[in-house]
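J.: Need the 3D shape of this:
(one chain, ligands or ions: 2)
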Amino acid sequence: MALLETIGLSKSFGGLRAISNLDVDVEAGSIHGLIGPNGSGKSTFFNLVTGVYQPDPGSKIFFDGLDITKSPSHKIGALGIARTFQLLRLFSEMTVLQNLMVGYHTHVSYGFLKTIFNNSAIAKIDAQTSDEMMELLEFIGLADFASMPASELSGGQRRLLALGRAMAMRPKLLMLDEPAAGLSPVNVDRLMAIVMALKERFGLTVLIVEHILKVVMETCDTVTVLDYGQKIGEGSPSEVKDDHAVIEAYLGQEMDDDEIRAALNA
Ligand SMILES: Nc1ncnc2c1ncn2[C@@H]1O[C@H](COP(=O)(O)OP(=O)(O)OP(=O)(O)O)[C@@H](O)[C@H]1O
Ligand SMILES: [Mg+2]
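T.: Numbers count the residues shown, from 1 in each chain. Ligands and ions are numbered 1, 2, ... in the order given. Okay, the predicted model is just below:
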């Protein structure tokens, strides 16, 4: 069953069609990759699904059987979609633990507002929540840094924290926009191992945009390939990497197919 489904999804910015008539099904329990050249519409797709942008008329987005096409971001978050951003948007002056709490409070925003009128309820929620958040920090390997300002973390730790903050929303669907950008190969492997472990532990579905093709090829069940906002290929990683149209659009015509396959297997 598709947990996320878009039908005829389109988004224009003035004369530019950033996403064009896109049908995508993300199967429950899968890791689904979204790849394509710079400017092909990957982040725009994330912004449409999470309600940051309104799609063009005629578009439909369903999540867990519900039509969320016109839902605001906070409602989409509460329904179970969490994301990371290409530029991380952490709160650098806040501690690691506080950054996680922001994710959690986004999840419970309405319930939490009610508790503001009841101090003992706040104390109870906060104790329980911080236990859960500490468990999550241990899972992502940042427990020792809980009270450190986010600004003092290394680049790799900041990427882990962004992942943790999304997880604090307790999503069903976790959407990662280039989670491994700028990481060394060892840290890429470490991050992806954590993503896989979180997926198993919390029964997640994962949608991942990633330029590091090795990550996509090794971890995804299904890959959708975009070019100029259109779907130009879709299938298992091995199907996609043998698709000539995909290869040409994605990696350029100057390489021959064998070179491209070697790059994809790198
Ligand atoms: N808010 C906006 N206003 C105008 N144009 C936009 C806006 N957001 C995105 N675009 C345009 O839409 C197209 C798709 O951009 P998008 O950021 O989705 O690409 P991408 O596939 O995520 O690229 P990258 O791999 O570089 O992150 C680009 O041409 C971009 O300039
Ligand atoms: Mg992008």
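J.: Could you pull up the residues touching the residue nearest to residue 148 when sequence neighbours are not counted?
T.: In space, residue 148 comes closest to residue 96 once its chain neighbours are excluded; the distance is 5.7 Å by C-beta to C-beta, 6 or more residues apart in numbering. Where you see a C-beta, it was placed from the backbone N, CA and C, and this is true even at glycine. Residue 96 is in contact with 137, 142, 145, 146, 147, 148, 149, 150, 153, 161, counting by C-beta atoms under 8 Å, 6 or more residues apart in numbering.
J.: Also residue 182?
T.: By C-beta under 8 Å, 6+ apart, the residues touching residue 182 are 155, 159.
J.: and it, which of the three is it?
T.: coil (DSSP: H, G, I helix; E, B strand; the rest coil).
J.: And it, how close does it get to ligand 2?
T.: Taking C-beta to the ion, to the nearest Å as the measure, residue 182 falls 14 Å from ligand 2.
J.: In contact with residue 203, which residues?
T.: By C-beta under 8 Å, 6+ apart, the contact list for residue 203 reads 29, 172.
J.: and the gap between it and residue 40?
T.: Separation of residue 203 from residue 40 (C-beta to C-beta, to the nearest Å) stands at 30 Å.
J.: What's the separation between residue 92 and residue 164?
T.: Counting by C-beta to C-beta, the gap from residue 92 to residue 164 is 15 Å.
J.: ok, the two, which is more surrounded?
T.: Each of residue 92 and residue 164 has its neighbours counted (other C-beta atoms under 10 Å); residue 164 has more, 24 against 13.
J.: the strands in the stretch 101-250 of the chain, which residues?
T.: All strands of the stretch 101-250 of the chain, identified by DSSP state E, counting those that start in this stretch, fall at 173-177, 205-209, 222-227, 230-235.
J.: related to what we said a few turns ago, confidence score at the residue nearest to residue 148?
T.: You'll see residue 96 listed with a pLDDT of 90.
J.: for it, phi and psi?
T.: phi -60, psi -50 (degrees, to the nearest 10).
J.: quick one on the thing from earlier: turn the strands of the stretch 101-250 of the chain into JSON lines, columns for mean pLDDT, distance to ligand 2 and mean neighbour count.
T.: Shown next, in JSON lines, are the strands of the stretch 101-250 of the chain (pLDDT from 0 to 100; distance: least, C-beta to the ion, whole Å; neighbours: other C-beta atoms under 10 Å):
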{"stretch": "strand 173-177", "mean pLDDT": "96", "distance to ligand 2": "6", "mean neighbour count": "24"}
{"stretch": "strand 205-209", "mean pLDDT": "97", "distance to ligand 2": "6", "mean neighbour count": "24"}
{"stretch": "strand 222-227", "mean pLDDT": "94", "distance to ligand 2": "10", "mean neighbour count": "23"}
{"stretch": "strand 230-235", "mean pLDDT": "94", "distance to ligand 2": "16", "mean neighbour count": "18"}
